[in-house]
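Visitor: Just need the structure, nothing else, for what follows:
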Amino acid sequence: MKRIILFFGILLGLVTQSPAQVGVYSASGSWVHVKIKPKNPADASGRLFSDDFRDNRNRWRIGQRGAYSFDMAQNAYRVHKQASNTQTSAFSFIPIPTGINLNKVDTFMVQVEIGGPGGIIPDAGLLIGVRDSLNYCHFRINNKNQVSVKYVINGLSYTIYMRGDYVPAGIPLSTSQNTLTVRKKGEQIHFYLNGREIPTSPYQFRQYQGNGIGFVSNTDGTTFRNLTVSAGAPSR
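Guide: The predicted model follows:
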């Protein structure tokens, strides 16, 4: 009878313990309290910026600036040449959100779709790491099925690093739309045209002078669509 009373006493004590007293029994015979952490939410280091150009919430350049005009229509950012004999290129950029710093992340991806008027492959491209019109990196195509990767500091390009020479793309360009993608992976930066890496890629990554993103064009009627910037974990 005493054993039955003792058994029910122990059972009642276990049932009435508060949640804070519940533990895991160890082989040593002592109670070890374990705090179970909640599942981690999605990694906050994965950051995303995108623009579908349905409106100008990101404050792109609009209106006429020099030999070019800029507008937004049909989910595209558009560049129009106002002076046919101009030798300069249209240049438009915006700062990306401060939470995405291209110089301080292990990985990033920048991508945009570029089209030309009436089946013409435009002389145009993507700008990254922009501080101003004299400090930037470009990834550019032209209608000769060529590509150019250029890194400019204070208006000058390197003699051997991303010097900007147009070289054969090694990948067929489309007369309707081409996708340009730039990816940083660790200490290297890769350039892709329509999902395929260009022959001169990858390059050793070097710090940009700025953190802007934008476009460059020398063709009337160039369109830019579906801009995406994503960044991974901060560099240690």
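Visitor: Cross-check the contact I'm expecting between residue 186 and residue 202.
Guide: No - under the criterion of C-beta atoms under 8 Å, residue 186 makes no contact with residue 202, lying 10.1 Å away. From N, CA and C alone the C-beta is placed, and that goes for glycine too.
Visitor: which one of the two has more residues nearby?
Guide: A count of neighbours by other C-beta atoms under 10 Å puts residue 202 above the other of residue 186 and residue 202, at 15 against 9.
Visitor: Quick check: bridge partners of residue 197?
Guide: Beta-bridge partners recorded for residue 197 (DSSP bridges): residue 192.
Visitor: Look at it and say how many residues are nearby.
Guide: 15.
Visitor: Kindly report the same for the one 10 residues further on.
Guide: Using other C-beta under 10 Å, residue 207 has 8 neighbouring residues.
Visitor: could you measure it against residue 171, distance?
Guide: To residue 171, residue 207 is 28 Å away according to C-beta to C-beta, to the nearest Å.
Visitor: Quick check: can you list the domain ranges of this structure?
Guide: 2-32, 47-231 (automatic domain parsing).
Visitor: what's the most buried one of those domains?
Guide: Comparing the domains of the chain by mean neighbour count (mean count of other C-beta atoms under 10 Å), domain 47-231 ranks first with a mean of 17.
Visitor: After the helix or strand bottoming out on mean pLDDT in the chain, which helix or strand is next? Please name it.
Guide: Lowest on mean pLDDT, DSSP states H and E among the helices and strands of the chain sits strand 31-32, with a mean of 28. Counting by DSSP states H and E, the element after strand 31-32 in chain order, helix or strand, is strand 47-51.
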